[in-house]
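> Pasting a predicted model and its sequence here:
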Amino acid sequence: MGIEQLGLEAAELLSLGNGGEARSLNKLAELAAWQVPACSGANATVWRDGELVALAATHPDLAELAELQLASSSGPLIAAAETGMPVNCPDTLDEDRWPGYAAAALRRGVRCSVHLVRDLPRGALVLSLFAVRPRALDPQSNPVADMLAAFGGAVLANATAYDQAQRTASQLKDAVVARSVVDQAKGVLMHALGCDADDALARLRAESQRRHVKVTEVAAEVIAAYNGGNPAE
């Protein structure tokens, strides 16, 4: 692909930012495998509080490599996630820092790998690149890989912010609905018992505590009883 196609693919990645973390991760891994010179495959992982929470891989063998490192708590992916620094494994045949990883990588035809890190809200993105030739990937002179890692980090940060905004909006909606149900139930009790709003609310709370259920559940039952068994609208 040329630079124009890369731009189109990057724009698509940006558009996926509002579609969720998983889709963005998959697209990022695919882009890296297609666009980075000498790269034969890629993983994209998200870490939060030191734990792997999402993984996308362009090949099952590469997903297995990530899972093996996670199980052993050892390998370049783990080192990159823990230190927040890029990690280079130039030749798995000569790699002595992580012998378990090196052996597993060789069995899968991987001769070198590079692991780039970008910060995310409450976590990190690690973009792992793999090649079938030793020393084919150089983290110091690979602008396309750096650009994709940075762009992926920005997109995932936006996706996280979008997801948080969606959750907040949902919580606010639920709170408004709950308040409406409680207010209706208070009105029913005030009319039926001749009490004021504070006393009606106190009665709802006392019943919820006695039965160990939410106030909104008690309120809904009050309204349903008043409506002849029909729940609140």
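The structure has been received and is ready for your questions.

> can you pull the pLDDT of the residue of the chain positioned farthest from its centre?
Most distant from the centre of the chain: Gly194, at 51.8 Å, with distances by C-alpha atoms, centre = their mean. For Gly194, the model assigns a pLDDT of 89.

> Check Pro76 too.
Looking at Pro76, its pLDDT reads 98.

> Met1 now?
For Met1, the predicted pLDDT is 44.

> my read: Ala145 touches Val36, true?
Yes. Counting by C-beta atoms under 8 Å, Ala145 does reach Val36; the two are 4.8 Å apart. C-beta coordinates here come from the backbone N, C-alpha and C atoms, glycine included.

> Can you pull the residues that touch both of those two?
Counting by C-beta atoms under 8 Å, 6 or more residues apart in numbering, the contacts common to Ala145 and Val36 are Leu129, Leu137.

> quick one, domains of this structure?
Using automatic domain parsing, the domain parsing of the chain gives 3-165, 166-226.

> Now the element after the helix or strand where Ala154 lies, going C-ward?
Here Ala154, judged by DSSP states H and E, is contained in helix 143-193. Downstream of helix 143-193, the next assigned helix or strand under DSSP H and E is helix 197-211.

> For that next one, buried residues please.
By neighbour count on 16 or more other C-beta atoms under 10 Å, the buried set for helix 197-211 is Ala200, Leu201, Arg203, Leu204, Glu207, Ser208.

> Contacts for it, please.
The contact list for helix 197-211, computed with C-beta under 8 Å, 6+ apart, reads 182, 185-187, 189-190, 193, 195, 214-215, 217-219, 222.

> Flag the shaky bits of this protein, pLDDT-wise.
Low-confidence segments of the chain (pLDDT under 70): 1-20, 141, 157-177, 229-233.

> re earlier: ok, of the contacts of helix 197-211, which one's closest to Pro121?
Distance to Pro121, by C-beta to C-beta, is smallest for Lys214 among the contacts of helix 197-211, at 30.8 Å.

> show me the contacts for the closest one.
When contacts are counted by C-beta under 8 Å, 6+ apart, Lys214 touches Ser208.

> ok, now how distant is it from Ala224?
Counting by C-beta to C-beta, to the nearest Å, the gap from Lys214 to Ala224 is 15 Å.

> Then Gln140?
In terms of C-beta to C-beta, Gln140 sits 68 Å off from Ala224.

> So for the two, which sits in the more crowded spot?
Set side by side, Gln140 and Ala224 show more neighbours around Ala224, with 14 against 8, by other C-beta atoms under 10 Å.

> Check which helix or strand that one maps to.
Element membership of Ala224, judged by DSSP H and E, is helix 215-226.

> contacts for that helix?
By C-beta under 8 Å, 6+ apart, helix 215-226 touches 178, 181-182, 184-186, 188-189, 192, 204-205, 207-208, 211, 230-232.

> can we see that at 10 Å?
By C-beta atoms under 10 Å, 6 or more residues apart in numbering, the residues outside helix 215-226 that reach it are 174, 177-189, 191-192, 200-201, 203-211, 213-214, 230-233.

> Identify each buried residue in that helix, please.
Val215, Thr216, Val218, Ala219, Ala220, Glu221, Val222, Ile223, Tyr226.

> ok, those vs Gly41, which is closest?
Lowest distance from Gly41 to the buried residues of helix 215-226 (C-beta to C-beta) belongs to Thr216, with 50.4 Å.

> Quickly note the distance from the closest one to Ser72.
For Thr216, the distance to Ser72 - C-beta to C-beta - is 48 Å.

> Equivalent analysis for Asp138, please.
Asp138 is 27 Å from Ser72, where distance means C-beta to C-beta.
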